[in-house]
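Q: Fold the following and give me the result.
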Amino acid sequence: MRPLVTAGEMRAADAEAMRHVGRETLIERAGLAVALAATSLLPRVYGSSIAALCGPGANGEDGRVAARHLASRGASVRVLDALAAPAVIEGVDLVIDAAFGTGLSRAWDAPEVPDSVPVLAVDVPSGVDPDTGVASGRSLRAVRTVAMGARKRGHVLADGPALAGDIVVAPLGIEVIEPAVGLMDDDDLDLVAPLGRDDHKWKRALVVIAGSPGMLGAPALVCEGAIAVQAGMIVLCAPDVPRGQDGPWAVEVVRLAASVEEVAKVAGGALDRARAVVVGPGLGRSSELAVAIQDLLRSTREPVVLDADALHLVDCEQLLARQERGGSPVILTPHDGEFAALFGSPPGTDRIGAAQRAAQQSGCTVLLKGPTTVIATPTATPGVPSTLVVTSGTPDLAAPGSGDVLTGVIGGLLARGVSSHLAAAIGAHLHGLAGEALRGRCRASALPGAIAMVLAGRGSHRSAARVG
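A: As a prediction, the model looks like this:
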């Protein structure tokens, strides 16, 4: 995982780096990184026409150094004062947006640039809040952004992703120590340990309490998600669904029959041998189910994933009291509407802060779904940021049943012994990568197969690394 920092954290890291290498050296490195990124956006540098929009601060200094390097390679570079820029920038092959970086605290309207002209942003697109990603005024839409030292939270939140384009990090020799927020990447999938030779089905067993008469697709998708990440024995309890009723679940799934009133007792018996439990998708929201879930939460010693209907049958006070009694970890997986119902208000623009507050309020790991998914935990794990962010995925994943698959993936990873915080984050990243692989044909029922392929590919990567 990679650091995802606030403007304040970046200033502290900058100051520490300056103590060792000096301010001028950092600016020279930053300007060179911008110039190199600019060359990658041009068919050729010699003879190109470039406008560098430079402000009065360090961001502008980076832009001026980049302009000097590009001019030395034969480009025609105009350095424009961001405070007195023309209304329109025309007749150029590239615009470098070095107007304002992480220190801008007011609205700013950028000049207009033709759509055909690429824009390269320095650190963050000018006008974008580096902490929330909210753009005030009119910002230029960059095709690429050179992030100095580390990615900023604003790169992945709100307006940031659409305005920043591709993010390229220029390390510059700046070290971010123990960031509070980390961005998941593909290498983090290696944290899922391969199966051991002595593994067996009960060592990775999962209980799924989901579904109801007329809502049988949801538990089937949960089970398929768990199978995709190699969970072992999967025991499904769908309240009030007769044992002999056919359903779309895999033949490998073991069914338990129970009435709503019996579900906690019946599922609890299966949990004596299981490693984790998933509760919620397609379950319904009756008062009897609310009582059953409370009974289960009081008695279970295994980590629990609460999703969908289950999120409407619990409250934060109950969850926090459970955790304060030393209960096993609980993962909550709300989208914005479920988040508002459970925590009293929607997450708003600061999704990282909202997830962090929700984790403290409930005592649970909170996975806040969205184009940028945020996973916050109330207790830090050494070496792992307490908040993790996932940006993989496509809009295709906003489809019926997709969240059920994700819930099954997280439950399956818990059953394999992955910690709750990492199970939620790795599950979300796997889910997103599978969506990218299926781009344009991303039905929920296709996701488990794609997830299994992504995970198998990481296994091949590990094997190749060992051989190498």
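Q: who are the neighbours in contact with Asp129?
A: Ala135, Ser136, Gly154, Ala158 (C-beta atoms under 8 Å, 6 or more residues apart in numbering). For the C-beta atoms, the positions are set from N, CA and C on the backbone; glycine is no exception.
Q: Next, the buried residues of the helix or strand containing Leu80.
A: Secondary-structure assignment from DSSP states H and E places Leu80 in strand 76-81. Within strand 76-81, the residues that qualify as buried are Val77, Val79, Leu80, counting by 16 or more other C-beta atoms under 10 Å.
Q: how close does the residue nearest to the last one when sequence neighbours are not counted sit to Val95?
A: Once flanking residues are discounted, Leu80 sits nearest to Leu53: 5.1 Å by C-beta to C-beta, 6 or more residues apart in numbering. To Val95, Leu53 is 6 Å away according to C-beta to C-beta, to the nearest Å.
Q: contacts for stretch 328-340?
A: Contacts of stretch 328-340 (C-beta under 8 Å, 6+ apart): 297, 300-308, 311-312, 319, 322-323, 342, 346-347, 354, 358, 362-370, 403, 406-407, 410, 414, 419-420, 423-424.
Q: thinking again about what came up before, among the contacts of Asp129, filter down to the buried ones and hand me the PyMOL syntax, if you would.
A: Here is the PyMOL command that picks out the buried ones among these, judged by 16+ other C-beta under 10 Å:
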select buried, resi 135+154+158
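Q: a helix runs through Leu53, doesn't it?
A: No - looking at Leu53 with DSSP: H, G, I helix; E, B strand; the rest coil, it is strand, so not inside a helix.
Q: Ala84 is in contact with that one, correct?
A: No - look at Leu53 against Ala84 with C-beta atoms under 8 Å: they stay out of range, at 10.8 Å.
Q: shared neighbours of Leu53 and Val95, anything?
A: By C-beta under 8 Å, 6+ apart, the residues touching both Leu53 and Val95 are Ile89.
Q: And the two? Which one has more around it.
A: With neighbours defined as other C-beta atoms under 10 Å, Leu53 and Val95 compare such that Leu53 has more, 29 against 25.
Q: any idea how far that one is from Pro125?
A: For Leu53 relative to Pro125 (C-beta to C-beta), the value is 11 Å.
Q: Residues that sit against both of the two, list them.
A: Common contacts of Leu53 and Pro125, defined by C-beta under 8 Å, 6+ apart, comprise Asp97.
Q: How is this structure divided into domains?
A: 2-179, 186-467 (automatic domain parsing).
Q: Which of those domains comes out lowest on mean pLDDT?
A: The minimum mean pLDDT among these belongs to domain 186-467 (a mean of 91).
Q: Who are the contact partners of His312?
A: So His312 contacts Arg285, Glu338, Ala341, Leu342 (C-beta under 8 Å, 6+ apart).
Q: mind listing which of those residues are in strands?
A: Among those, no member falls in strands (criterion: DSSP state E).
Q: of those, buried ones?
A: With neighbours counted by 16+ other C-beta under 10 Å, the contacts of His312 contain buried members at Glu338, Leu342.
Q: neighbours of Thr381, just the number please.
A: By other C-beta under 10 Å, the residues close to Thr381 number 12.
Q: That one: what's its closest spatial neighbour, skipping adjacent residues?
A: Closest residue in space to Thr381, ignoring its immediate chain neighbours: His421 at 6.1 Å, by C-beta to C-beta, 6+ apart.
Q: same deal with Asp166?
A: Computed as C-beta to C-beta, 6+ apart, the closest residue to Asp166 that is not its neighbour in sequence is Arg144, at 4.7 Å.
Q: State the number of residues packed around that neighbour.
A: With other C-beta under 10 Å as criterion, Arg144 counts 17.
Q: you'd agree Val168 is in a strand?
A: Yes - remark: Val168 belongs to a strand, assigned using three-state DSSP.
Q: Show the contacting residues for it.
A: Remark: with contacts taken as C-beta under 8 Å, 6+ apart, Val168 is in contact with Ala33, Ala37, Arg144, Thr145, Val146, Ala147.
Q: Go through these and flag which are in helices.
A: Ala33, Ala37 (DSSP state H).
Q: Can I get the contacts of Val168 in TSV including distance to Val277?
A: Output for these, formatted as TSV (distance: C-beta to C-beta, whole Å):
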residue	distance to Val277
Ala33	49
Ala37	48
Arg144	45
Thr145	42
Val146	46
Ala147	40
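Q: Off-centre distance for whatever helix or strand comes next after the strand holding Leu80?
A: Tracing the chain past strand 76-81, the next element assigned as helix or strand by DSSP H and E is strand 94-98. Relative to its chain's centre, strand 94-98 lies at 29 Å (C-alpha atoms, centre = their mean, to the nearest Å).
Q: Show me what strand 94-98 is packed against.
A: Where contact means 3 or more C-beta pairs under 8 Å, 6 or more residues apart in numbering; DSSP states H and E, strand 94-98 is packed against helix 23-40, strand 49-54, helix 58-72, strand 119-122.
Q: chain center to the next helix or strand after that strand: distance?
A: The helix or strand immediately downstream of strand 94-98 is strand 108-109, counting by DSSP H and E. Computed by C-alpha atoms, centre = their mean, the chain-centroid distance of strand 108-109 equals 30 Å.
Q: and if you look at stretch 286-303?
A: Remark: stretch 286-303 is offset 29 Å from the chain centroid, using C-alpha atoms, centre = their mean.
Q: which residues sit against that stretch?
A: So stretch 286-303 is contacted by 207, 209, 239, 260-261, 263-265, 267-268, 271, 274-277, 279, 283, 304, 306, 309-310, 313-314, 318-319, 322, 327-331, 414, 420, 423 (C-beta under 8 Å, 6+ apart).
Q: can we see that at 7 Å?
A: Stretch 286-303 is contacted from outside by 260-261, 263-264, 267-268, 271, 274-277, 279, 283, 304, 310, 313-314, 318, 322, 328-329, 414, 420, using C-beta atoms under 7 Å, 6 or more residues apart in numbering.
Q: and the spatially most central residue of the chain, what is it in contact with?
A: For the chain, the residue nearest the mean C-alpha position is Val390 (1.4 Å; C-alpha atoms, centre = their mean). By C-beta under 7 Å, 6+ apart, the contact set of Val390 is Met184, Thr373, Ala425, Ala428, His429, Gly432.
Q: so which of those residues comes closest to Cys442?
A: Nearest to Cys442 out of the contacts of Val390 is Gly432 (C-beta to C-beta; 10.8 Å).
Q: Let me know the helix or strand that the closest one is in.
A: Applying DSSP H and E, one finds Gly432 within helix 420-437.
Q: Remind me what that helix packs against, helices and strands.
A: Applying 3 or more C-beta pairs under 7 Å, 6 or more residues apart in numbering; DSSP states H and E, one finds that helix 420-437 contacts strand 365-368, strand 373-376, strand 387-390, helix 402-415, helix 447-467.
Q: Ser76 pairs with what?
A: Ser49 (DSSP bridges).
Q: Help me confirm that it comes into contact with Ala51.
A: No - with contact defined as C-beta atoms under 7 Å, Ser76 and Ala51 do not form a contacting pair (9.8 Å).
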